[in-house]
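S.K.: With the sequence up front, the predicted model follows.
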Amino acid sequence: MSSRRTSSPRIECRRTGCRILKMILAAAIHVAVSRTSLLAEVTFSKEIAPIVFANCTACHRPGEGAPFSLQTYADVKKRGELIGEVIASRQMPPWKAAAGDISFQNERRLSADQIHLFAQWIEAGMPEGDPAHLPPLPQFTAGWSLGEPDLIVTMPASFTVPADGPDIYRNFVVPLGLKTDRWVKAIDFRPRARSVVHHSLFFFESNGLARTLDEEDPQTGFKGGMGAMMRLRGGPPVLAADAAEEEATPSTGPQNGNGLNPLENIGKAKPATFGTLGGWALGARPQPLPEGLAYRLPAGSDLILATHFHPSGKTEEEASTVGIYFANEPITRRFTAIQLPTAFGAFKNIDIPPGKAEYVIEDSFALPVAVQAFGVGAHAHYLGKSMTMTATLPSGETRVLLSIPDWDFAWQEQYRFAEYLSLPQGTVLRSRITYDNSVDNPRNPSDPPVRVRFGEESTNEMGAVTLMVVAANESLMPQLLDGYRNHFRQSLLQTPLFRLFNLKK
Amino acid sequence: MLVRFFFRVICVFLLMSQGTVFSEPPAKRIEITDLAGETQTPLTVADRKASVLFFLLPDCPVSNAYAPEIKRISAEYARQNIASFVIYVDPALDPAGAKKHAADFGYETPLICDTSLQLVEATGVTIAPEVAVMSPQGKRLYRGRIDNLYAGLGKRRPQATQHDLRAALDAILSGKPVAHETTTAIGCFIEKRTPKAIRSK
């Protein structure tokens, strides 16, 4: 880190008068420079505290998941250089989306100016400034931030997280005891061992399959990862989609779009027995679905918590508590997920050679009807490097809906737009996902790198960007679902296997 | 002004020379009381082949994540006559807090609170977790990371692929030179003793 220097102009002098003049000039410059730097001095109380309080303190306070408190001048000064480094590299705040054309709810993203200001503060020696300028500490809601949940459940048994070793993905089954179908607006999640729980994705399963998997596994819960999801879904996404295709008429009830397989709940006459209910990640606040939308939760469902653990250095016992918020109003509007590429890239013939630093898959889809988008998410495994989704409007204007320049498997955020985004009929959605299978990708699970193909295990790859939408008018929903289903079918027919099959026919 | 400056220089020089001027190994022998009340000389452990100093911060997640590997290394190399020390480098940490942290994470090596950061300064470490390996004569044989588990902050590999500290210790035990005498550690910065804020005033 370079320290601040005041440079004075070089004046060559031979005579005494000139020397005196030089001294006066130098003194004047010195005073001027130090006065400006004094005026421009960045202090904790005035400039830094507002940034920290708004972006860091929610998690960096006692009882929350982040490692140390950032509530006072002393707290922040103690970690000043570390903070400077992790905000400059955008590791913190944990928000992987780059600034795009659309703003998100609860955006935890610092501006370049804020990062620069922090660097200036460090360089100035982290002065406190006048405590009178200090803004008040934000007030955080104690307990459930959305108020008292309608249903509170806790994992029936705790799970032991070992002190070290690789990250753990584990699914836990929590019986809900619901006698009737319910509509879920939001779920809040409270881990017990906050230092090890990184994120949790929520699913329901109403056929008792999850219970069977839990019973087969001697430890609490059962092994996580997409392989387990495949079993719960009753097949790989391809098959589930085929099943969905067979359904001629879309159901009349609202459906959930889950970002995992947009078709498994779409257009089925009989309600799905497995689906998503959203998720929670360290640092995220629970986000209710937009007004009038809800996830359907069938009677008799078990809640499945697909939880990601980071071992912390000491053994921990986790027993998460979940608060569920039900919708009271009758649900009239369906939403769905437009996932590109379809089926997480199952038809993209993903085959990444070892050492390949940039491997690309892409997909595009023209909207058959006008939609309103309310959220976007992305998924890939450890080789995932970057992902983007853009929308090219009929006017020719292209807007970036999501850009994740440095994908990290650990932060699977669902990004909710600040407000509904209207996309007219004919808008072309494009997704692009890149992978890095070189040794320079520190997250590469294989050393040396190996050939990686499509698959649901985390040592395979997949990838998609998923847009959550409602049709501009509920009556247009069948057309939207048909259009997407058709795109799915076309993608399937593009796979080399299918082309070969067609040739033989 | 000048007189005051020279007076300060002389004062600092006198302070620095205290205790080191008359001791045998130049500049490196530091006596410090560990949390069990024992006097330790972690930089110069005469009756061992070498000593390893693990510099830790109790509220740094990267530092804590290394606890199991630190314990394994301490135990395995203790059998080969290499001493290990856990050095807490948070000046604000009191002995009770340090003991609680050590109990939580199961450290059984001698625990030292380097409140004045004299061991930090003597070894040149800047990060927690970072290690220094010292010869019995007080020569620094290795300084840096334990292994390459972290490629950067927030970039943790599935498992470490280069075990730098173990490699250094193995080299020392077999009488070979250490391949990389220094490496870059990833973790939390050790808070400096003289904050720039004081200087800038």
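M.R.: Looks like it came in fine.
S.K.: What spatial separation is found between the most centrally placed residue in chain A and A:Leu282?
M.R.: Note on chain A: the residue nearest the mean C-alpha position is A:Glu413, at 1.3 Å, using C-alpha atoms, centre = their mean. Using C-beta to C-beta, to the nearest Å, A:Glu413 is found at 10 Å from A:Leu282. Where C-beta positions appear, they are placed from N, C-alpha and C, glycine not excepted.
S.K.: Can you read off the pLDDT for the residue nearest to the centre of chain A?
M.R.: At A:Glu413, the model reports a pLDDT of 78.
S.K.: Not including adjacent chain positions, what is the nearest residue to it?
M.R.: A:Ala281 (5.9 Å; C-beta to C-beta, 6 or more residues apart in numbering or on different chains).
S.K.: Specify the beta-bridge partners of that neighbour.
M.R.: A:Ala281 has these beta-bridge partners by DSSP bridges: A:His199.
S.K.: Distance check, it against chain B.
M.R.: Between A:Ala281 and chain B the distance is 14 Å, computed by C-beta to the nearest C-beta, to the nearest Å.
S.K.: That residue contacts A:Tyr415, correct?
M.R.: No - here A:Ala281 does not reach A:Tyr415: they are 11.2 Å apart, not a contact under C-beta atoms under 8 Å.
S.K.: For these two, indicate the residue with more neighbours.
M.R.: With neighbours defined as other C-beta atoms under 10 Å in any protein chain shown, A:Ala281 and A:Tyr415 compare such that A:Tyr415 has more, 22 against 19.
S.K.: give the contact list for the more buried one.
M.R.: A:Ala97, A:Phe104, A:Gly375, A:Val376, A:Gly377, A:Leu402 (C-beta atoms under 8 Å, 6 or more residues apart in numbering or on different chains).
S.K.: cool, and A:Phe365?
M.R.: By C-beta under 8 Å, 6+ apart, the contact set of A:Phe365 is A:Ile338, A:Leu340, A:Val428, A:Leu429, A:Gly483, A:Tyr484, A:His487.
S.K.: again, 10 Å this time
M.R.: By C-beta atoms under 10 Å, 6 or more residues apart in numbering or on different chains, the contact set of A:Phe365 is A:338-342, A:427-431, A:467, A:483-484, A:486-488, A:490-491.
S.K.: Tell me which of these fall in strands.
M.R.: The strands, defined by DSSP state E, take in A:Ile338, A:Gln339, A:Leu340, A:Val428, A:Leu429, A:Arg430, A:Ser431, A:Leu467 from those.
S.K.: what are the bridge partners for the last one, then?
M.R.: Here A:Leu467 sits in beta bridges with A:Ile338, A:Val376, as judged by DSSP bridges.
S.K.: correct me, but it touches A:Gln339?
M.R.: Yes - counting by C-beta atoms under 10 Å, A:Leu467 touches A:Gln339, with 8.0 Å between them.
S.K.: ok, so what distance separates the closest residue to chain B within the stretch 101-250 of chain A from A:Glu85?
M.R.: Taking C-beta to the nearest C-beta, chain B has its nearest neighbour within the stretch 101-250 of chain A at A:Gly125, 3.3 Å off. To A:Glu85, A:Gly125 is 17 Å away according to C-beta to C-beta.
S.K.: Tell me how many other residues surround the closest residue to A:Arg194 other than its chain neighbours.
M.R.: Leaving aside its sequence neighbours, A:Arg194 sits nearest to A:Gly65 (C-beta to C-beta, 6+ apart; 4.3 Å). Neighbours of A:Gly65 under the rule other C-beta under 10 Å: 16.
S.K.: so A:Gly65 sits right up against A:Arg192, yeah?
M.R.: No - using C-beta under 10 Å, A:Gly65 makes no contact with A:Arg192, being 11.3 Å away.
S.K.: So for stretch A:110-118, mean pLDDT?
M.R.: In the prediction, stretch A:110-118 has an average pLDDT of 95.
S.K.: does any part of it sit near chain B?
M.R.: No - against chain B, stretch A:110-118 shows no contacts by C-beta under 10 Å from any C-beta of the partner chain, the least distance being 14.3 Å.
S.K.: Which parts of chain A are helices?
M.R.: A:16-39, A:49-55, A:73-78, A:80-88, A:112-123, A:209-216, A:226-233, A:237-246, A:477-494, A:496-504 (DSSP state H).
S.K.: Pull out the buried positions in the third one.
M.R.: Going by neighbour count (16 or more other C-beta atoms under 10 Å in any protein chain shown), the buried part of helix A:73-78 is A:Tyr73, A:Asp75, A:Val76, A:Lys77, A:Lys78.
S.K.: burial count for the closest residue to chain B within the stretch 351-500 of chain A?
M.R.: Per C-beta to the nearest C-beta, the residue of the stretch 351-500 of chain A with the smallest distance to chain B is A:Pro442, at 3.1 Å. A:Pro442: 18 surrounding residues under other C-beta under 10 Å.
S.K.: how about the nearest residue to it once chain neighbours are set aside, what does it touch?
M.R.: Nearest non-adjacent residue to A:Pro442, counting by C-beta to C-beta, 6+ apart: B:Ala151, 3.1 Å away. Going by C-beta under 10 Å, 6+ apart, B:Ala151 touches A:Asp440, A:Asn441, A:Pro442, A:Arg443, B:Arg157, B:Thr161, B:Ile186.
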